[in-house]
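Trainee: Sequence plus the predicted model coming up.
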Amino acid sequence: GLILCFSVHLYVARVKPSPPCFHSIRGASSPTLPSTCHSLPAEKKKLKMASSFSRILSSKRKIQILSLVGGSVTAGFLLHRDHVSAGGVPVRRSYPASAEYPDLRKHNNCMASHLTPAIYAKLCDKATPNGYTLDQAIQTGVDNPGHPFIKTVGMVAGDEESYEVFADLLNPVIKERHNGYDPCTMKHPTDLDSSKIHSGNFDAKYVLSSRVRTGRSIRGLSLPPACTRAERREVERVVVEALAGLKDDLAGKYFSLTQMTDEEQQQLIDDHFLFDKPVSPLLTCAGMARDWPDARGIWHNNDKTFLIWINEEDHTRVISMEKGGNMKRVFERFCKGLKEVERLIQERGWEFMWSEKLGYILTCPSNLGTGLRAGVHVKLPRLSKDPRLNSILNNLRLQKRGTGGVDTAAVGGVFDISNLDRLGLSEVQLVQTVIDGVNYLIECEKKLEKGQDIKVPPPLKYFK
């Protein structure tokens, strides 16, 4: 018969040699396993071996084996994916690429602008190690042609490797969406030193609330568009266990959506603390509403000024917020909490997805880099009627939303004003851009109150 020996060098974080769980794993025809676990003290060797193991197995088989070893899916493992070949995993097709190419003639999104038949033919037969394909990545952009005057991204990532395997399409999309930032030649800076912020306390007559948020993804687990139920639950477990270690003014509690009443959920949504079920076709077509509300929830500190959403559009959304215009204090809490959360995650053998070219890796390419959105609710009743407002915002690298967020109207001249950029600039730079820009808007509002004229500022330019 066939004598087959399948073996791997496996680095298991936080597990002692010969743990009992190893003896419960049996192959289909072999009743034995090695009784010892080799120690790998060299960091470089450890990364290489852990990374290699994560690619040996298919996504389905990997989950079966890892769940046996760790007791929960991928528990105890840090599957580094820093050395994935951009070639990807081959995908079998029954029809040629020309027959599968989507009809994008009436589409207005970044994906449709850059996806050519040649690029599609090059990438459609590839998949990431988790099996995520180009067709899955672009489906939301295919199903949602977009608005003639509102250009969306049109694609999402299913895992960290998507940004490498589908780089021929994603890089030009990223360059267009991020104001000329070129992932091939540029590096993303990170700076969470809140002491560098100045003039961060707005006039309370105009600014009603301040907020800073970002997203973070757990390395080794698929992103929401592609994650399995087990992976999504693993994200929840890892993050909730880490958050239990927060102390003092950051200490708080986790609330699972599956355990909330409808009334409790709606109250948190009305108070702008909790996310609602994704109903936008942009999200549902990307697969982000699957199994709702399984493994979704919100964690917040006792003061409800530091919050973390789990398994919404990203693995986590980290938010610092409060009433009033003290953006500097909001950013200080944001930096402190984010650093502490990352430390607690790393203590448990995990880490956030990050690359020096793209910064922090998130589901939507629009949120790469810092993933940061610093925003204020500001009253601009006179300026909102001025036809120059949009030009002022564009030149200040700011964007406006309605009082209730995206696709809502401004009530009483109150707008949600935030930074337009995410990638290529540090957190400190983006928050300072918002502070300087909002202060300029307030000055314009004051001048209009006095009957004085205002000027459109010269445009800020970061990249060519």
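Mentor: Perfect, thanks for sending it. Model, not experiment: these values are computed from the prediction.
Trainee: What does the pLDDT read for the most centrally placed residue in the chain?
Mentor: The chain has Leu362 as the residue nearest its centroid, 2.8 Å off, counting by CA atoms, centre = their mean. We have a pLDDT of 99 for Leu362.
Trainee: Kindly confirm my reading that it forms part of a helix.
Mentor: No: per DSSP: H, G, I helix; E, B strand; the rest coil, Leu362 lies outside any helix segment and is coil.
Trainee: residue contacts, it?
Mentor: Applying CB atoms under 8 Å, 6 or more residues apart in numbering, we find Leu362 in contact with 157, 215-217, 223, 314, 353, 368, 371. Any C-beta I mention is one placed from the backbone N, CA and C, and that applies to glycine too.
Trainee: again, 10 Å this time
Mentor: 156-157, 214-217, 223-224, 313-317, 353, 368-371, 422 (CB atoms under 10 Å, 6 or more residues apart in numbering).
Trainee: And Leu441, by the same measure?
Mentor: 206-207, 376, 378, 380, 383-384, 389, 392-393, 396, 398, 400, 415, 417, 454 are the contacts of Leu441 under CB under 10 Å, 6+ apart.
Trainee: And these, which is closest to Ile298?
Mentor: Val376 (22.0 Å; CB to CB).
Trainee: Just the helices from the protein, written as ranges.
Mentor: Ranges of helices in the chain, per DSSP state H, are 43-56, 59-70, 97-100, 110-114, 117-123, 134-143, 162-165, 167-177, 229-243, 262-270, 281-284, 327-347, 389-395, 427-449.
Trainee: Counting by contacts, list what the fifth one packs against.
Mentor: Based on contacts counted as 3 or more CB pairs under 10 Å, 6 or more residues apart in numbering; DSSP states H and E, the elements that helix 117-123 packs against are helix 97-100, helix 134-143, helix 167-177.
Trainee: Can I get those helices in JSON lines including mean pLDDT and distance to Arg232?
Mentor: Below are the helices and strands packed on helix 117-123 laid out as JSON lines (pLDDT from 0 to 100; distance: least, CB to CB, whole Å):
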{"stretch": "helix 97-100", "mean pLDDT": "96", "distance to Arg232": "29"}
{"stretch": "helix 134-143", "mean pLDDT": "98", "distance to Arg232": "17"}
{"stretch": "helix 167-177", "mean pLDDT": "98", "distance to Arg232": "23"}
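Trainee: elements contacting the longest strand anywhere in the chain?
Mentor: Longest strand in the chain, counting residues (DSSP state E): strand 207-216. With contacts taken as 3+ CB pairs under 10 Å, 6+ apart, strand 207-216 sits against strand 306-310, strand 316-323, helix 327-347, strand 359-360, strand 373-379, strand 414-419, helix 427-449.
Trainee: Redo those as CSV? Include distance to Glu100.
Mentor: Converted to CSV, the helices and strands packed on strand 207-216 look like this (distance: least, CB to CB, whole Å):
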stretch, distance to Glu100
strand 306-310, 36
strand 316-323, 34
helix 327-347, 40
strand 359-360, 33
strand 373-379, 36
strand 414-419, 38
helix 427-449, 39
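Trainee: of those, which approaches Pro96 most closely?
Mentor: That would be strand 359-360 among the helices and strands packed on strand 207-216, by CB to CB, at 37.0 Å.
Trainee: confidence score at Glu427?
Mentor: Taking Glu427 on its own, its pLDDT is 98.
Trainee: try Ser256
Mentor: 93.
Trainee: do Pro17 as well
Mentor: 43.
Trainee: same deal with Asp276?
Mentor: Per-residue pLDDT puts Asp276 at 76.
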